[in-house]
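Asks: from the sequence below, what's the structure:
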Amino acid sequence: MDAFGQLLDSLDGMLGGAVWFPYVLLGVGLFFTIYLKFPQIRYFKHACKVVTGKFDKKGTEGDTTHFQALATALSGTVGTGNIGGVALAISIGGPAALFWMWMTAFFGMTTKFVEVTLSHKYREKTQDGTMAGGPMYYMDKRLNMKWLAILFAVATVISSFGTGSLPQINNIAQGMEATFGFAPMATGAVLSILLALVILGGIKRIAAITSRVVPIMAVIYIVGALGVIFYNVENIGPSFASIFVDAFTGSAAAGGFLGASFAYAFNRGVNRGLFSNEAGQGSAPIAHASAKADEPVSEGMVSILEPFIDTIIICTLTGLVILSSGVWNEKFETHFERSSMSIIKGDYSETNKAQRQELYNYLNGNDSKVELFNGNIDVVNGEPTSNGFTVLHSRSIGEDIRFGITEKHKYTGIVEVKNGMPTDDSISLIGKSLVHSAELTTKAFTRGFFGDSGQYIVSIGLLLFAFSTAIAWSYYGDRAMIYLLGNRSVMPYRVFYVAAFFWASFADTTLVWKLAAVAIVVMTLPNLFGIMLLRKEMKQSVDDYWVKFKKDNEQ
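Replies: Numbers count the residues shown, from 1 in each chain. As a prediction, this is how the structure comes out:
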């Protein structure tokens with residue numbers, strides 16, 4: 001499995017982690033924004049009217065209303081990325097990362113408009129009478145690229161597990177255990193039953209549930225976020241200033257944060273933006289294809305609202321909570337994660353300007369004198385007694401370092417370190433450092449009007465966001481299975497999806513995350529390629545829509 005993991009790391013580096021990928025993603029959105037004359041601005045008001053059902057007609061084919069399709073798509077995008085993903089982007093790229101998430105959302109509104117319109121246009125009615133649509137259908141029916149459609153559909157099935165099922169329940173279970181003390185397996189068992197009851201009912205039950213859950217979870221989270229932001233009202237202005245200043249001058253170091261280059265901020269912001277709103281990935285069009293609409297462009301209009309709600313509203317609130325509370329550059333007692341940690345040679349200090357610059361260069365891939373530590377560290381009752389090394393964690397220098405199997409069982413002996421990492425995986429490091437992901441957001445939510453109770457808002461939000469994501473992605477996966485193997489494959493897929501959901505509540509899903517990261521790019525690149533080939537058809541469809549709309553409303 002180690003070899004497979006290394007292969008996935010290499011593929012992710014060549015694809016999602018590649019320097020060119022964010023430029024491709026933003027470039028396509030920028031192109032369509034100019035080509036279609038800023039539809040995300042010009043059509044925004046009209047999209048709000050469409051989603052309310054103002055222009056609906058009786059007898060229109062489809063399984064869901066405009067609002068239900070939007071709610072289902074939002075339930076797939078509004079997930080752990082809105083809570084932990086924003087925090088991770090800021091912890092790695094600094095405040096500037098939020099700016100690039102905004103850019104991804106702004107141009108992504110147009111990308112989503114295009115991909116949803118084309119997917120709705122080429123949708124099909126399945127044997128059971130429900131609709132099936134998505135990029136694989138326009139790739140097959142319009143572009144005559146069945147091989148590309150199959151590649152996209154397979155990647156969608158993989159992503160349904162890698163982003164929609166396994167990591168979501170894993171995060172929920174960990175959060176419930178940390179906050180309420182619930183056993184992960186018990187959490188997984190209860191939620192697996194609920195998941196089965198929802199998804200076995202098909203798109204109509206899924207849409208009915210998500211159309212109720214999404215507004216509730218959004219309101220709870222927004223109220224909690226505003227409770228932190230306005231509690232720290234004096235920091236709102238400086239927070240916005242830091243976002244824009246860092247975006248155009250390069251992320252500056254602050255407090256314990258050792259700084260991030262423009263490339264880090266840009267790459268992390270754009271990638272987290274994609275993972276959050278999925279604009280260009282081709283997943284949401286599968287949900288929107290179920291909507292009752294004679295005109296595919298009208299459903300495309302509805303999808304414009306999706307990145308706006310997901311990223312420009314919810315992700316911005318998360319970002320402002322983190323920045324205004326000040327926790328993003330404050331050190332906390334935490335367990336050091338191996339993926340965010342390295343032990344380097346020498347004694348470094350954040351107060352030493354020259355050493356700080358060296359660490360900045362090292363963390364940002366520039367020329368640096370920093371070397372990874374190789375050797376032995378003597379430890380007595382958890383405390384290191386030898387010197388000559390520095391522990392880096394989450395882009396900061398670790399303090400008050402202790403070694404132990406657990407906090408209560410402190411280690412005594414020799415810790416062997418090779419290439420900056422203890423060779424014994426059972427030995428953990430505990431100390432003070434910056435934190436990231438959901439842990440950072442949780443810390444921030446305790447710095448508001450709700451005090452320590454704010455952590456429960458994050459836990460409840462994480463539960464609802466992640467569970468609704470699992471619901472939506474089950475639908476994306478079963479539509480992909482219908483395309484690949486027909487209707488008979490849907491029920492086995494759903495059963496396996498629920499079983500895997502339960503298993504992941506107590507299992508290590510690191511490898512799944514890596515597989516999903518590659519699958520997301522394998523979905524995104526063919527989709528972007530396909531909509532670029534159909535740019536002229538898209539423009540003509542928009543023109544035809546307005547001609548017909550004006551004619552219908554003059555009568």
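
Asks: low-confidence ranges in the stretch 301-450 of the chain?
Replies: The model of the stretch 301-450 of the chain has pLDDT under 70 over residues 405-408.

Asks: wouldn't Leu26 be in contact with Met103 here?
Replies: Yes: contact criterion Cβ atoms under 8 Å: Leu26 and Met103 qualify, at 6.5 Å. The way it works is simple: take the backbone N, C-alpha and C, and place the C-beta from them, glycine included.

Asks: isn't Leu74 right up against Val213?
Replies: No: Leu74 sits out of contact with Val213 when judged by Cβ under 8 Å, with a separation of 10.0 Å.

Asks: in terms of neighbours, single out the busier of those two.
Replies: Per other Cβ atoms under 10 Å, whichever of Leu74 and Val213 has more neighbours is Leu74, with 28 against 19.

Asks: quick one: contacts for the more buried one?
Replies: Contacts for Leu74 (Cβ atoms under 8 Å, 6 or more residues apart in numbering) come out as 210, 214, 306, 309-310.

Asks: mind checking the longest helix of the protein?
Replies: For the chain, the helix that runs over the most residues, judged by DSSP state H, is helix 454-485.

Asks: could you list the low-pLDDT ranges of the stretch 151-300 of the chain?
Replies: 250-255, 261, 264, 268, 275.

Asks: please, where are all the helices along it?
Replies: Applying DSSP state H, counting those that start in this stretch to the stretch 151-300 of the chain gives helices spanning 166-180, 184-199, 202-229, 236-249, 262-277, 284-288, 296-303.

Asks: which of those helices sits closest to His66?
Replies: His66 lies closest to helix 296-303 among these, at 5.0 Å (Cβ to Cβ).

Asks: hmm, back to that, reformat the contacts of Leu74 as TSV; add neighbour count and distance to Thr80.
Replies: Converted to TSV, the contacts of Leu74 look like this (neighbours: other Cβ atoms under 10 Å; distance: Cβ to Cβ, whole Å):
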residue	neighbour count	distance to Thr80
Thr210	27	16
Val214	24	15
Glu306	29	17
Ile309	18	17
Asp310	28	13
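
Asks: which outside residues touch the host helix or strand of Val391?
Replies: If you go by DSSP states H and E, Val391 is part of strand 389-393. Residues outside strand 389-393 that contact it (Cβ under 8 Å, 6+ apart) are 334, 336-337, 340-348, 359, 363, 373, 375, 377, 397-398, 401, 417, 429, 431, 433-434.

Asks: the same query, at a cut-off of 6 Å, please.
Replies: 336, 340-344, 348, 373, 398, 401, 433 (Cβ atoms under 6 Å, 6 or more residues apart in numbering).

Asks: next helix or strand past the helix or strand hosting Val50?
Replies: In the assignment (DSSP H and E), Val50 maps to helix 44-51. Next in sequence after helix 44-51, counting helices and strands by DSSP H and E, comes helix 66-77.

Asks: low-confidence ranges in the stretch 1-150 of the chain?
Replies: Across the stretch 1-150 of the chain, the ranges flagged by pLDDT under 70 are 1-18.

Asks: all helices for it, in order.
Replies: 2-14, 20-35, 39-42, 44-51, 66-77, 80, 86-93, 96-121, 135-141, 146-159.

Asks: and if you look at the stretch 351-500 of the chain?
Replies: Using DSSP H, counting those that start in this stretch, the helices of the stretch 351-500 of the chain run over 353-363, 437-445, 454-485, 490-503.

Asks: what inclination does the shortest one have with respect to helix 166-180?
Replies: This points to helix 437-445. Angle of helix 437-445 versus helix 166-180, following axes from the mean of the first three to the mean of the last three Cα atoms, to 10 degrees, is 40 degrees.

Asks: got the angle between helix 437-445 and helix 86-93?
Replies: Helix 437-445 and helix 86-93 are oriented at 100 degrees to each other (the same axes, to 10 degrees).

Asks: list the contacts of the nearest residue to Lys331 once chain neighbours are set aside.
Replies: Distances taken as Cβ to Cβ, 6 or more residues apart in numbering place Lys432 nearest to Lys331, at 4.4 Å, with adjacent residues excluded. If you count contacts by Cβ under 6 Å, 6+ apart, Lys432 has them with 331, 333, 399-400.

Asks: between Leu26 and Met103, who's got more neighbours?
Replies: In terms of neighbours (other Cβ under 10 Å), Leu26 is the more surrounded of Leu26 and Met103; the figures are 22 against 19.

Asks: from Ile222, how far off is that one?
Replies: Relative to Ile222, Leu26 is positioned 27 Å away (Cβ to Cβ, to the nearest Å).

Asks: now do Pro296
Replies: Using Cβ to Cβ, Pro296 is found at 31 Å from Ile222.

Asks: please apply the same query to Arg123.
Replies: According to Cβ to Cβ, Arg123 and Ile222 sit 33 Å apart.

Asks: Ala87 too?
Replies: For Ala87, the distance to Ile222 equals 17 Å [Cβ to Cβ].

Asks: next: Ala178.
Replies: Going from Ala178 to Ile222 by Cβ to Cβ gives 23 Å.

Asks: contacting residues for Phe44?
Replies: Phe44 neighbours (Cβ under 6 Å, 6+ apart): none.

Asks: ok, now Cys315?
Replies: By Cβ under 6 Å, 6+ apart, the contact set of Cys315 is 82, 86, 101, 276.

Asks: show me the contacts for the first one.
Replies: Residues in contact with Asn82, defined by Cβ under 6 Å, 6+ apart, are 276, 314-315.

Asks: how far away is it from Val214?
Replies: 12 Å.

Asks: do the second one as well
Replies: Between Val86 and Val214 the computed distance is 18 Å (Cβ to Cβ).

Asks: spatially nearest residue to Ile150 (excluding sequence neighbours)?
Replies: Ile150's closest residue in space is Leu484 (Cβ to Cβ, 6+ apart), at 6.8 Å.

Asks: what's around the one you found, how many residues?
Replies: A count of nearby residues for Leu484, using other Cβ under 10 Å, gives 16.

Asks: and the one 10 residues further on, by the same measure?
Replies: The local packing count at Arg494 equals 20, with neighbours defined by other Cβ under 10 Å.

Asks: please apply the same query to the one 5 residues further on.
Replies: The number of residues packed near Ala499 is 13, by other Cβ under 10 Å.

Asks: ok so, going back, for the longest helix of the chain, buried residues please.
Replies: 454-484 (16 or more other Cβ atoms under 10 Å).

Asks: and if you look at stretch 196-205?
Replies: By 16+ other Cβ under 10 Å, the buried positions in stretch 196-205 come out as 196, 198-199, 202-203.

Asks: what does it rub up against?
Replies: 63, 130, 209, 290, 471, 474-475, 494, 498.

Asks: measure that stretch end to end?
Replies: End-to-end distance for stretch 196-205, by Cα to Cα, to the nearest Å: 11 Å.

Asks: now that stretch: how far from the chain's centre is it?
Replies: 24 Å (Cα atoms, centre = their mean, to the nearest Å).

Asks: also stretch 397-404?
Replies: 30 Å.

Asks: likewise stretch 426-443?
Replies: Distance of stretch 426-443 from the chain centroid (Cα atoms, centre = their mean) equals 20 Å.

Asks: what's the answer for stretch 376-386, then?
Replies: Relative to its chain's centre, stretch 376-386 lies at 39 Å (Cα atoms, centre = their mean).

Asks: what are the buried residues along it?
Replies: 377, 379, 382, 384.

Asks: check contacts around the first one.
Replies: By Cβ under 6 Å, 6+ apart, Ile377 lies in contact with 384, 386, 415.

Asks: count the neighbours of the closest residue to it other than its chain neighbours for me.
Replies: With Cβ to Cβ, 6+ apart as the criterion, Ile377 has its nearest non-adjacent residue at 4.4 Å, and that residue is Val415. For Val415, the count of nearby residues is 19 (other Cβ under 10 Å).

Asks: surely Gly76 touches Ala472?
Replies: Yes: using Cβ atoms under 6 Å, Gly76 is in contact with Ala472, at 3.2 Å.
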